[in-house]
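Novice: Build me a model:
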Amino acid sequence: MISVLIVEDHPIVREGVTTVLERERDIDVVGAAETIGEGLRLAGKLNPDVVVTATAGVVISDIRMIRREPIEGHDTILATLTPKPGVKAQTDDGKIMLHFKARAWISEADYELVRVEIEAIDDVSMGLGLLARIHKGTTATYQRRKVNGEVWLPAEVTWTASARVLLVRRLRLRGVAQFSGYRKFTVDTSTTYATPAL
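Specialist: Got it, this is the predicted structure:
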């Protein structure tokens, strides 16, 4: 028996998908959620084999919740996004995303993004390849840290890139940006109104 969790914001679609899946003998729908945050909470509690996200639009990526992993003492759920083969994106952003795969770690307690890794799985052309082309294998990582047990802030960004700019210059870049020394500020504001002198 395969346990399934459904995440869908539209109630009629959510109910329809649930009804269709419940008809299958080897599928057990263990829960349904309206939001991603609620889906993550239920996934942590129910531990389904599969998470189904149903939408009325075109879904360009296959989203899977893989496993739990601790990161810096926080329990996270690892999710992957992989472009679906043969899907045509309807937006410019969607067309770019078809060239990338991603792994994201989401805090189970706060439903906040803790870490994301992105990799180009194809060359990505910008301006018909005349302006720039990002080459396959380019990677970027973004990590956040919970500061003072209150708020998630950037901790580190890393990148390794290979690109061609203006059909002339080939670039190979590698970098790290680290963030630290966060301070908590309090600000007082006072406003005084006076009667104008005549």
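Novice: What distance do you get for the spatially most central residue of the chain to L78?
Specialist: Centroid-nearest residue in the chain: A104, 5.7 Å away (criterion: C-alpha atoms, centre = their mean). A104 is 7 Å from L78, where distance means C-beta to C-beta, to the nearest Å. (C-beta placed from N, C-alpha, C; glycine too.)
Novice: before we move on, what about W159?
Specialist: In this view, W159 and L78 are 21 Å apart by C-beta to C-beta.
Novice: Specify the beta-bridge partners of the residue nearest to the centre of the chain.
Specialist: For A104, the residues forming beta bridges with it (DSSP bridges) are A79, V116.
Novice: Could you point out the longest strand of this structure?
Specialist: strand 151-165 (DSSP state E).
Novice: K146: neighbour count?
Specialist: Residues near K146, counting by other C-beta atoms under 10 Å, number 18.
Novice: Just confirm it is within a strand.
Specialist: Yes: under DSSP: H, G, I helix; E, B strand; the rest coil, K146 falls within a strand.
Novice: Now stretch 72-83 - C-alpha only, CSV.
Specialist: Provided in CSV are the C-alpha atoms of stretch 72-83 (Å, rounded to 0.1, in the frame of the first residue of the first chain):
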residue,chain,number,x,y,z
GLU,A,72,22.7,23.1,12.3
GLY,A,73,20.4,21.4,14.9
HIS,A,74,17.1,22.1,13.1
ASP,A,75,15.0,19.3,11.8
THR,A,76,14.3,19.8,8.1
ILE,A,77,12.5,18.1,5.2
LEU,A,78,14.5,17.8,2.0
ALA,A,79,12.4,18.5,-1.1
THR,A,80,13.6,18.2,-4.7
LEU,A,81,12.4,20.0,-7.8
THR,A,82,13.2,18.4,-11.2
PRO,A,83,11.8,19.7,-14.5
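Novice: Quick check: what element follows the longest strand of the chain along the chain?
Specialist: Downstream of strand 151-165, the next assigned helix or strand under DSSP states H and E is strand 169-178.
Novice: residue contacts, R172?
Specialist: Neighbouring residues of R172 by C-beta atoms under 8 Å, 6 or more residues apart in numbering: 161-162.
Novice: I134 versus that one, what's the distance?
Specialist: With distances taken as C-beta to C-beta, R172 is found 12 Å from I134.
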